[in-house]
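[1] structure for the following, please:
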Amino acid sequence: MSKSHYITGLRAVEQLLATESTDIRRIYAEYQTANPRVEAVIKAARQDGVEIQAANRARLTQISGESRHQGVVAEVRRSTVMDEGGLRTMVETRLQEGKSLLLLALDGVQDPHNLGACMRTADAAGVDAVIVPRHGAAGLGPTVSKVAAGAAEQLPFVPVGNLGKVLGWLGDYGVQRVGTSDKADCSLYDAKLVGSVALVMGREHTGLGRGIASRCDRLVSLPMQGVVSSLNVSVATGICLYEIARQRSL
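    Below you'll find the model as predicted:
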């Protein structure tokens, strides 16, 4: 995709500037700022030859659509959005090279803050791509990018028309599809989560849909010791991804 999208927040923009592969068109920064981090962003951008445009806070909000921009907005050309064909090519290439895959499929996560948090953890845990339904779920945007703190500009993001179909052909390639459910008999810590794995997480409040759950090779649950019955989807995603990462490192 060639059109611009906007990244807000100091942490996210700092991460962008630290990543050479990111194509930043320009940075809009609050003029006459007293924030040393904004000044440092401006200095780093100038050293990299990135265009700087001064703007007041109202203009920054107008540009990004996000009022909590912390005085800086980056306009980015590069997009990590991948279509289903690109995902299939990536899967085939990795498997032909004898490398295992770690994928994260989110079944209709609707809160952009949750999506951003999931992507941040996914990037840290070594996920190769995040797969989401094209409709009825959060997509990439300023809030997701800000919460993801740079991960949304690095991690392949795959909106698909039919998540169940994609999980079906991933199974044909030998990718183990592991869903989460509080009704599952198997604990996350008792499951063997090695080789190529697609972790499938459900949406807020309702969890995995029945059709998506039926596409999974196994369902696992998180042991709950206290009075709460479930965890926020981004927290649960982090726990599951790092258990998979731990097992893959053994």
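[2] what segments of the protein are strands?
    5-8, 24-30, 51-55, 72-76, 102-107, 129-133, 157-160, 176-180, 186-187, 197-202, 218-221 (DSSP state E).
[3] let me have the ones you listed in a markdown table, extended by mean neighbour count, mean pLDDT and distance to G211.
    (C-beta placed from N, C-alpha, C; glycine too.) Shown next, in a markdown table, are the strands of the chain (neighbours: other CB atoms under 10 Å; pLDDT from 0 to 100; distance: least, CB to CB, whole Å):
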| stretch | mean neighbour count | mean pLDDT | distance to G211 |
| --- | --- | --- | --- |
| strand 5-8 | 23 | 84 | 31 |
| strand 24-30 | 20 | 91 | 40 |
| strand 51-55 | 14 | 93 | 47 |
| strand 72-76 | 25 | 90 | 35 |
| strand 102-107 | 25 | 98 | 9 |
| strand 129-133 | 23 | 98 | 12 |
| strand 157-160 | 21 | 96 | 14 |
| strand 176-180 | 23 | 98 | 11 |
| strand 186-187 | 12 | 96 | 20 |
| strand 197-202 | 25 | 98 | 12 |
| strand 218-221 | 18 | 97 | 14 |
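[4] switch these over to a markdown table; also include distance to T89.
    A markdown table is the format used below for the strands of the chain (distance: least, CB to CB, whole Å):
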| stretch | distance to T89 |
| --- | --- |
| strand 5-8 | 24 |
| strand 24-30 | 27 |
| strand 51-55 | 34 |
| strand 72-76 | 24 |
| strand 102-107 | 14 |
| strand 129-133 | 11 |
| strand 157-160 | 12 |
| strand 176-180 | 19 |
| strand 186-187 | 32 |
| strand 197-202 | 16 |
| strand 218-221 | 27 |
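[5] closest one to M90 among these?
    Relative to M90, the nearest member of those by CB to CB is strand 129-133, separated by 6.7 Å.
[6] quick one, that closest one and strand 197-202 angle?
    Strand 129-133 and strand 197-202 are oriented at 40 degrees to each other (axes from the mean of the first three to the mean of the last three CA atoms, to 10 degrees).
[7] strand partners of strand 129-133, parallel vs antiparallel please.
    Here strand 129-133 has these sheet partners by DSSP bridges: strand 102-107 (parallel), strand 157-160 (parallel).
[8] of all those strands, which one is nearest N232?
    With CB to CB as the criterion, N232 lies closest to strand 102-107 of the strands paired with strand 129-133, at 13.0 Å.
[9] return the distance of that closest one from the chain's centre.
    9 Å (CA atoms, centre = their mean, to the nearest Å).
[10] in this structure, spot the helix with the most residues.
    helix 233-249 (DSSP state H).
[11] next, the angle from that helix to strand 197-202.
    Using the same axes, to 10 degrees: helix 233-249 against strand 197-202 is 170 degrees.
[12] relative to strand 176-180, how tilted is helix 233-249?
    Interaxial angle, helix 233-249 versus strand 176-180 (the same axes, to 10 degrees): 140 degrees.
[13] need the strands paired with strand 129-133 in JSON lines with distance to C240, can you?
    Listed next are the strands paired with strand 129-133 as JSON lines, based on distance: least, CB to CB, whole Å:
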{"stretch": "strand 102-107", "distance to C240": "9"}
{"stretch": "strand 157-160", "distance to C240": "19"}
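[14] how near is I27 to Q53?
    Here the criterion is CB to CB, to the nearest Å. By it, I27 lies 7 Å from Q53.
[15] brain fart, A124
    From A124 across to Q53, the span is 32 Å (CB to CB).
[16] check contacts around the residue nearest the centre of the chain.
    The chain has M119 as the residue nearest its centroid, 2.2 Å off, counting by CA atoms, centre = their mean. Going by CB atoms under 8 Å, 6 or more residues apart in numbering, M119 touches V130, V144, V147, A148, A151, A152, L155, F157.
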